[in-house]
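S.K.: Show me how the following folds:
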Amino acid sequence: MKEQKIIFIPPTYLFISIIIVFLCYRYFLAYNLIKYPYDLIISLPIIILASYLIISSHLFLVKNNTTEKYSKSTCVVQDWLYKYSRNPMYLWFLLLIIWISFFLGNIISFISPIFFFSIINWMFMPYKEAKMEKELGQDYLEYKGEVRRWV
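M.R.: Modelled structure (predicted):
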């Protein structure tokens, strides 16, 4: 396997995606179609939930003394949200971007979640999975066979 170089970590792409949403909102005014109060009703609870789940997923990895970065993995975490998704933080990042797009109400801004999903799904996840297979072997392969990539 060719060694892949990771330039930016996923939170960087999260912030880039959020900036894209705000730029669409600011510069494509004709596409600001979801109006108040529907933007708040739809998005605010989801933004709060996604933020909580991102932070708690991170803290769960820290509690289990494993890495959420790209250093050497120490174990396969299979509890809590990791029973349902191999990548719950990426999933919540994606949902957060979607719901910020709803919050701002700009239809063009929905290109941002597509951008984020594409980068994470086809660049980061294959790299991370190959790395985990190499470092954790059979334990990770069994987990990968039981739990889906996203949901």
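S.K.: any idea how far Phe22 is from the residue of the chain most remote from its centre?
M.R.: The centre of the chain is farthest from one residue, Ala30, which by CA atoms, centre = their mean lies 28.7 Å away. Distance, Ala30 to Phe22, by CB to CB, to the nearest Å: 16 Å. To be clear about C-beta, it is placed using only N, CA and C from the backbone, and glycine gets the same treatment.
S.K.: Tell me which residue is most central in this structure.
M.R.: Tyr90 (1.9 Å).
S.K.: Look up the closest residue to that residue, ignoring the ones flanking it.
M.R.: The spatially closest residue to Tyr90, leaving aside those adjacent along the chain, is Ile120, at 5.1 Å (CB to CB, 6 or more residues apart in numbering).
S.K.: lowest-pLDDT helix or strand in the chain?
M.R.: In the chain, no helix or strand scores lower on mean pLDDT, DSSP states H and E than helix 38-63, which sits at a mean of 79.
S.K.: Give me the distance from it to the chain's centre.
M.R.: Remark: helix 38-63 is offset 11 Å from the chain centroid, using CA atoms, centre = their mean, to the nearest Å.
S.K.: If you count contacts, what does the helix or strand just after that helix end up packed against?
M.R.: Downstream of helix 38-63, the next assigned helix or strand under DSSP states H and E is helix 88-104. Counting contacts by 3 or more CB pairs under 8 Å, 6 or more residues apart in numbering; DSSP states H and E, helix 88-104 packs against helix 10-27, helix 38-63, helix 111-119.
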